[in-house]
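Student: When you get a sec, could you give me coordinates for this:
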Amino acid sequence: MGTHLVILGGGAAGTMTANRLQRTYHDRDFRITVVDQDDDHIYQPGLLFVPFGLAQPHHLVRSRPRQLNAAVDYKQARIERVDLNERTVHLAGGIRLSYDVLVVATGARLLPEETEGLTGPGWGENVFTFYDLPGAIGLHRALERFDGGRIVVDVADLP
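Tutor: Purely as a prediction, here's the structure:
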């Protein structure tokens, strides 16, 4: 049966890990499965260019499985839990994946509500983040309407 590597997360880190390991171990009895809850891989570094019209949002979104080597198995499902003792990942729909090696590459989650006042009045109207696609698009639209005044750029914390 060989070694089964399961990677939780199909973002940049999970995709690069899967593709690199597939190239390295392609001629061995080594299977790789990537799990993510949706199909949209967003090239996050490109979001910085969206507000200034230097990148189009649709160019930054690609199908997750299309970014993976054809030999890598992709499962689109929500991760319910990991049983470390049993070496099993439980997915929505009753799917269970046994693994020999587990890589957790689920990425970061934005928490703007942890900065007091940030998500209050004006959030999404004249206060934006460009660390996610809706925020970058909203900031682009706001900058298109901007005809003068002050702009404040603040990095409150690491994303």
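Student: what's the nearest residue to residue 46 if we skip its chain neighbours?
Tutor: residue 60 (4.4 Å; Cβ to Cβ, 6 or more residues apart in numbering). In this view, the C-beta of every residue, glycine as well, is placed from N, C-alpha and C.
Student: Could you pull up the residues touching that neighbour?
Tutor: Residue 60 makes contacts with 42-43, 46-47, 50, 133, as judged by Cβ atoms under 8 Å, 6 or more residues apart in numbering.
Student: Next step: these restricted to strands.
Tutor: residue 42 (DSSP state E).
Student: of the contacts of residue 60, buried ones?
Tutor: 42, 46-47, 50, 133 (16 or more other Cβ atoms under 10 Å).
Student: between the residues you listed, which is nearest residue 73?
Tutor: Nearest to residue 73 among these is residue 42, at 21.7 Å by Cβ to Cβ.
Student: between the contacts of residue 60, which is nearest residue 24?
Tutor: Distances from residue 24 to the contacts of residue 60, taken by Cβ to Cβ, are shortest for residue 43, at 23.9 Å.
Student: I'd say that closest one and residue 62 touch.
Tutor: Yes. Contact criterion Cβ atoms under 8 Å: residue 43 and residue 62 qualify, at 7.4 Å.
Student: would you turn the contacts of residue 60 into a markdown table with distance to residue 4 and pLDDT?
Tutor: Converted to a markdown table, the contacts of residue 60 look like this (distance: Cβ to Cβ, whole Å; pLDDT from 0 to 100):
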| residue | distance to residue 4 | pLDDT |
| --- | --- | --- |
| 42 | 28 | 91 |
| 43 | 28 | 89 |
| 46 | 33 | 93 |
| 47 | 34 | 94 |
| 50 | 38 | 97 |
| 133 | 33 | 94 |
